[in-house]
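Visitor: return a 3D structure for these sequence lines:
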Amino acid sequence: MMRLLMILRVALKALNRNKMRTALTMLGMIIGVAAVIAMIALGKGAQASIEDQIRSAGTNIINVMAGNFMAMGVRQGSGASNTLTPEDAAAIRNQIPTAQYVAAGVSTRNQIIAGHQNWQTRIQGTDVDLPLMRSWPMKYGLFFTPQDVTTAAKVVVLGAVVSTNLFGEETDPTGQIVRIKNQPFKVIGVLASKGAGTGFEDQDDTAMVPYTTAQKKLMGIQHIQNVTISASSAHEVKATAEAIAQLLRTRHKIMDGNNDDFMVRTMEEMAAMRTETTKTMTALLAGIAGVSLLVGGIGIMNIMLVSVTERTREIGLRMAIGARGSDVLTQFLVEAVVLSLFGGSIGIALGFGISWGVTEFLTWPTTISSEAVLLSFGFSAIIGIFFGFYPATKAAKLDPIEALRFE
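Guide: Numbering: from 1, shown residues only. Below you'll find the predicted structure:
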């Protein structure tokens, strides 16, 4: 223990002789470690944000969307099929016991006009179950009723963004008349603000009407574009999705081996796709930042080689009075590791500071993981040993007689 402390004291004394050179050598490690921590924090923050949005939307949500439609050999892409019907939604509600809530849906974009104000937004045709499965409370008024859906009533529920732009902040527009495609709609409620969705779209920039109203009065169609289902529990999602797919294949008379004309997607699948993307980006960013660590390691090796040359006489003198080659090797390795660990420690603190600044001033989510800190710190030590080994070996192999003659 005393020997190790003595070696450490000598190492600190040697590094302290040229403070500027030592500081510049550590700079590569500082920048590298800080960059790795900041990049991983950004990637982890984005991943956590996506997972939070998925959870807020409900992990037991299942989306059924109209599938591909082929005309004259040309595939029109997902959503082009018109084979999904309100009767399909009713069959899912009645025949799938684990389907707790079911909402048929269509969607279009249009201008909403209120007095002298207007706003273009997504008009979402849906059913009464949607706010229940999305846990979406009302800020003002009420959501539309089953009778409104049955009669295709001209009623609309506004999102917070739409309400603010048409009527102003903290204004209850319930009872007001707005125009959509030159048709009057009565505002019966305003949804509470919900923020960004799983695709980072603004969920509050929407207006909801009964899907039957959107079909008949706004779009002139009889089919629906999607069905949103909430399973009775998160554990039932997979089984419910499989049962829905089988039911729709039977209803649409799709033979085994033929492609489905619909798509069934769960929130877990969407979450997995998005988090996998962020993981790839995090790894890429960390890899780019890791290059700085390698540059820092090369800087350490370079400065240690210079140090070996400068201290040749000192090495020769130590070996002449009894120091072994292993002692000299250990001495230079400790100096390289001290450089790396000091630089790594400062880099970790700087990485924390950068992550805090990004969150505070740019409002980007960041999450600093203990794994990233340990990885960076451990990598600093490994780099010190790896890049310090060659200069240390060179010092240990010096001939004491030749070293003492060195000028």
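Visitor: and residue 110, its phi and psi?
Guide: Residue 110 adopts backbone torsions of phi -160, psi 170, taken as degrees, to the nearest 10.
Visitor: tell me which strands and helices the helix or strand containing residue 354 is in contact with?
Guide: Assessed by DSSP states H and E, residue 354 sits inside helix 325-362. Applying 3 or more Cβ pairs under 8 Å, 6 or more residues apart in numbering; DSSP states H and E, we find helix 325-362 packed against helix 2-16, helix 19-57, helix 267-310, helix 312-320, helix 370-396. (Glycine included, C-beta is placed from N, CA and C.)
Visitor: which ones are touching residue 394?
Guide: Each residue near residue 394 by Cβ atoms under 8 Å, 6 or more residues apart in numbering is listed here: 305, 308.
Visitor: ok, back up a step: redo the helices and strands packed on helix 325-362 as CSV? Include mean pLDDT and distance to residue 190.
Guide: What follows is the helices and strands packed on helix 325-362, written out as CSV (pLDDT from 0 to 100; distance: least, Cβ to Cβ, whole Å):
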stretch, mean pLDDT, distance to residue 190
helix 2-16, 67, 66
helix 19-57, 75, 19
helix 267-310, 71, 26
helix 312-320, 71, 79
helix 370-396, 76, 42
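Visitor: most packed of those helices?
Guide: helix 19-57 (a mean of 21; mean count of other Cβ atoms under 10 Å).
Visitor: tell me how far that one lies from the chain's centre.
Guide: In terms of Cα atoms, centre = their mean, to the nearest Å, the centre of helix 19-57 is found 14 Å from the chain centre.
Visitor: heads up, I number from 51, so please use that
Guide: Done: numbering now begins at 51, and the last item shifts to helix 69-107.
Visitor: please work out how many residues are found near the residue nearest to residue 99 when sequence neighbours are not counted.
Guide: Closest residue to residue 99 apart from its sequence neighbours, by Cβ to Cβ, 6 or more residues apart in numbering: residue 415 at 4.6 Å. Per other Cβ atoms under 10 Å, the neighbour tally for residue 415 reads 16.
Visitor: just checking, residue 415 touches residue 405?
Guide: No. The criterion here is Cβ atoms under 8 Å, and residue 415 misses it with residue 405 at 10.0 Å.
Visitor: and the helix holding residue 404, what's buried?
Guide: 375, 378-398, 400-402, 404-405, 408-409 (16 or more other Cβ atoms under 10 Å).
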